[in-house]
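Participant: Just need the structure, nothing else, for what follows:
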Amino acid sequence: MNSTGLQDRAVIVTGAGSGIGRAAALTFAAEGAKVLVADLDRDGAEQVVAAIGAAGGVARAAVGDLGDQRVVDEVVATAVEAFGGVDVLVNNAGIMDRFSAVADTDDTEWDRVLRINLTAPFMLTRAALPHMLAAGQGSIVFTASEASLRGSTAGAAYTASKHGVVGLVKSLAVMYREQGIRANAIAPGGTATAMRVDARPGEHGPAVIGAHTSSVGRIATAEEQAAAILFLASDAASNVNGVLLPVDNGWSAV
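Facilitator: I've put the predicted structure just below:
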C-alpha cells in the first residue's frame, strides 16, 4: 500500500533538470505521482522525463525562465492540461549569489537572485493556488536553505531571498490552512549538486563566509533532500504546516 498518498497526484517540481530537483522528480514518480519537470535547461528536463518514462512513470517537461510570468503560467497550464490539476508544487529552482556583502552587491546580482529565488516561487504559488483551492487541498514545498537560518552561509542577496522564502511559507500556512493548503520548506545544508559559487576573490563577503565553513559537517546527497521534500508533500505530513525543516546533519544546531 502506498502510504504517502501520492499515487496519481499531479506534482510540479521546478529546477528538476538536475540536483535536488531531479532527485525530487524521480522520487515522486517512484511513488506513482505524475510529474511536471520544469527547468531552464531543456536537455536536463527532457533527460529526467525520459528516465521517469523508462521506469514506467508519467512525466512532462516545461522549459523556460521561471522569472517570466508567461513561463510560470505555461508551467501551471501544462500540468493542469496533462494531469488534470496541481496537487503538489515543489518550488525548488534557485541560484546562488557571489557571497557578496551588502556594500559589494550590485543591482544586477540583487535583482537576479531575488527574482529567481523569491519572486518566481511567489508567482508559481499564486498561479497554482486557484487549482488547489478548487480541489480543497494542496501541498507546497519550498527549498529554502541554511542561509534562511543564519547570516553566515551566503551573500546578502541569497540570504535575503531565502529568509523571504520562509516568510512566504509562514504566510501561506496561516492564510490558507482552513482551505486545506499546506506550505512547508526544507533548509538544506551542504549538498552534493552542480550548484557553484562564482565568488570574487579578495572581497569582504567571501572572506567572512570562508571563516564560518568549519561546521558544515557531512555533505548530503540530493536524494536525502528529496526524501524530506517527499515527506512534507505527502499524507504522512498531513498536519505539518508552516514548518522549516533543516536537512543539514545538525549544522543548524551548532
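Participant: Which of the helices or strands spans Val11?
Facilitator: Using DSSP states H and E, Val11 maps to strand 10-14.
Participant: and the following helix or strand past that strand, what other elements does it pack with?
Facilitator: Counting by DSSP H and E, the next helix or strand C-terminal to strand 10-14 is helix 19-30. Applying 3 or more Cβ pairs under 8 Å, 6 or more residues apart in numbering; DSSP states H and E, we find helix 19-30 packed against strand 10-14, strand 34-39, helix 42-54, strand 58-63, strand 88-91, helix 222-233. Where C-beta positions appear, they are placed from N, C-alpha and C, glycine not excepted.
Participant: List the neighbouring strands of the strand holding Val11 plus their orientation.
Facilitator: Strand 10-14 sits in its sheet next to strand 34-39 (parallel), strand 88-91 (parallel), going by DSSP bridges.
Participant: among those, which is nearest Ala128?
Facilitator: Closest of those to Ala128 is strand 88-91, at 4.8 Å (criterion: Cβ to Cβ).
Participant: tell me the mean pLDDT over that closest one?
Facilitator: Throughout strand 88-91, pLDDT has a mean value of 98.
Participant: buried ones in the helix or strand just after it?
Facilitator: Next along the chain after strand 88-91, taking DSSP H and E as the criterion, comes helix 107-114. Residues of helix 107-114 classed as buried by neighbour count (16 or more other Cβ atoms under 10 Å): Glu109, Trp110, Val113, Leu114.
Participant: what does stretch 92-112 give?
Facilitator: Within stretch 92-112, the residues scored as buried using 16+ other Cβ under 10 Å are 92-94, 96-101, 104-105, 109-110.
Participant: Please enumerate residues in contact with it?
Facilitator: Stretch 92-112 is contacted from outside by 13-16, 20-21, 24, 38-40, 66, 113, 116-117, 120-121, 142-143, 145, 154-158, 161, 195-200, 203-206, 208-209, 229, using Cβ atoms under 8 Å, 6 or more residues apart in numbering.
Participant: that older thread, tell me the one of the buried residues of helix 107-114 nearest Ser238?
Facilitator: Distances from Ser238 to the buried residues of helix 107-114, taken by Cβ to Cβ, are shortest for Leu114, at 32.3 Å.
Participant: re earlier: how about the strands paired with strand 10-14, which one is nearest Val72?
Facilitator: strand 34-39 (9.3 Å).
Participant: just the buried residues of stretch 92-112 now: which is nearest Ile181?
Facilitator: Asn92 (18.2 Å).
Participant: now that closest one: how far from Arg177?
Facilitator: Asn92 sits 22 Å away from Arg177, going by Cβ to Cβ, to the nearest Å.
Participant: Give me the most central residue, this structure.
Facilitator: The centre of the chain sits closest to Asn92, judged by Cα atoms, centre = their mean, with a distance of 1.7 Å.
Participant: For Val71, give me the pLDDT.
Facilitator: Note on Val71: pLDDT of 98.
Participant: Verify the stated contact: it with Ala77.
Facilitator: No. Under the criterion of Cβ atoms under 8 Å, Val71 is not in contact with Ala77, lying 10.5 Å apart.
Participant: Looking at those two, which has the bigger crowd around it?
Facilitator: More neighbours surround Val71 than the other of Val71 and Ala77, with 19 against 13 (other Cβ atoms under 10 Å).
Participant: Can you give me the neighbour number for the nearest residue in space to that one that is not next to it in sequence?
Facilitator: For Val71, ignoring the flanking residues on the chain, the nearest one in space by Cβ to Cβ, 6 or more residues apart in numbering is Gly64 at 3.5 Å. Number of residues near Gly64 (other Cβ under 10 Å) recorded here: 16.
Participant: Kindly report the same for Ser18.
Facilitator: 18.
Participant: Point out where the chain drops to low pLDDT.
Facilitator: Scanning the chain for pLDDT under 70 picks out the ranges 1-2.
Participant: most remote residue from it's center?
Facilitator: Using Cα atoms, centre = their mean, the residue of the chain lying farthest from its centre is Gly202. It sits 31.0 Å away.
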